[in-house]
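Visitor: Need a 3D model of the sequence below.
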Amino acid sequence: MPESAVELARSLEACLEEVLAVYTIQGEHAEAAKRHAEATRARFDQVMAGLKSGDPTARQDWMADISARTDMTSVSATIRDSGQLSLRWETAFCDAYDALIGLAAFPELRESAGRVSELIRTLRLLQVESFNAELPAVDDSPQLQDIFRLDAKVEPEVGSQSGEASSKYDRVQGFMGRMDVMYEKIQEGFAEKIRLTDQALHAALHAAREVVELASHSEPQH
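Guide: Reported below is the predicted structural model:
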């Protein structure tokens, strides 16, 4: 472990730069996952329209599409990469705490190092804070496996004012519509978490660089 104030300060800065690098990669992965989810949702709507219109190939096309999208090698790689990124994230924070402990030995740096510590605390707590406390309830969910049966009618719902049987595909679309509302709420929560995380992370990195500058000025010149 480095012993001089400058070495400790630069170690702290490097740790937060590593956190930023991991955060950037995780953001790219999240955007890719979002695009995949939205493409799958759009494809689902197409299949539902085909099923409702009586297209006999809709079910087979959907199953083939699902098989093509489910690449277990890619899934395994994603899980592995996610684990490695989590390890890098936690390691960087552990090393940052080591540097902060070392910096506490220098009275002239305690206040500025303490500011970095406060920002790191905020950053860590943001990762476990819930931003989706008011998600809408999703009930009356249909049996999704039933949508692939070609008989389009089901019994009338209890309490329905109409005596006609409702289309199970309409019920599924209604359910998916409620899921879309939940999805949007979750995305709003993620967007807020990303905004606050980005703000805290860049503030912490800026504060760490100020510690480096202060340590450089306070170190005896030889």
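Visitor: From here on, just use CA atoms for contacts and neighbour counts.
Guide: Fine.
Visitor: Average pLDDT for whichever strand or helix holds residue 84, rounded please.
Guide: Taking DSSP states H and E as the criterion, residue 84 maps to helix 72-103. The average of the pLDDT scores along helix 72-103 is 89.
Visitor: Just the C-alphas of the helix or strand that it is followed by, formatted as CSV.
Guide: Downstream of helix 72-103, the next assigned helix or strand under DSSP H and E is helix 110-126. Once non-C-alpha atoms are left out, helix 110-126 reads as follows in CSV (Å, rounded to 0.1, in the frame of the first residue of the first chain):
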residue,chain,number,x,y,z
ARG,A,110,-8.7,14.9,6.4
GLU,A,111,-11.4,17.4,5.5
SER,A,112,-11.0,16.9,1.7
ALA,A,113,-10.7,13.2,2.0
GLY,A,114,-13.8,13.2,4.3
ARG,A,115,-15.7,14.9,1.5
VAL,A,116,-14.8,12.1,-0.9
SER,A,117,-15.8,9.5,1.7
GLU,A,118,-19.3,11.2,2.0
LEU,A,119,-19.8,11.1,-1.7
ILE,A,120,-18.8,7.5,-1.9
ARG,A,121,-21.3,6.7,0.8
THR,A,122,-24.0,8.5,-1.2
LEU,A,123,-22.9,6.6,-4.3
ARG,A,124,-23.1,3.2,-2.6
LEU,A,125,-26.4,3.8,-0.9
LEU,A,126,-27.9,4.9,-4.3
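Visitor: Quick check: residue 55 vs residue 49, distance?
Guide: Distance, residue 55 to residue 49, using Cα to Cα, to the nearest Å: 9 Å.
Visitor: which stretches of this structure form helices?
Guide: In the chain, the segments counted as helices under DSSP state H are 5-52, 58-69, 72-103, 110-126, 168-218.
Visitor: what is the orientation angle of the first one with helix 110-126?
Guide: With axes from the mean of the first three to the mean of the last three Cα atoms, to 10 degrees as the basis, helix 5-52 and helix 110-126 are set at 20 degrees to each other.
Visitor: So for helix 5-52, mean pLDDT?
Guide: For helix 5-52, mean pLDDT rounds to 89.
Visitor: That one packs against which elements?
Guide: helix 58-69, helix 72-103, helix 168-218 (3 or more Cα pairs under 8 Å, 6 or more residues apart in numbering; DSSP states H and E).
Visitor: Out of those, which is closest to residue 19?
Guide: Comparing the helices and strands packed on helix 5-52 by their distance to residue 19 (Cα to Cα), the top pick is helix 72-103, with 5.7 Å.
Visitor: so how far is the closest one from its chain's centroid?
Guide: Between the centre of helix 72-103 and the centre of its chain there are 15 Å (Cα atoms, centre = their mean, to the nearest Å).
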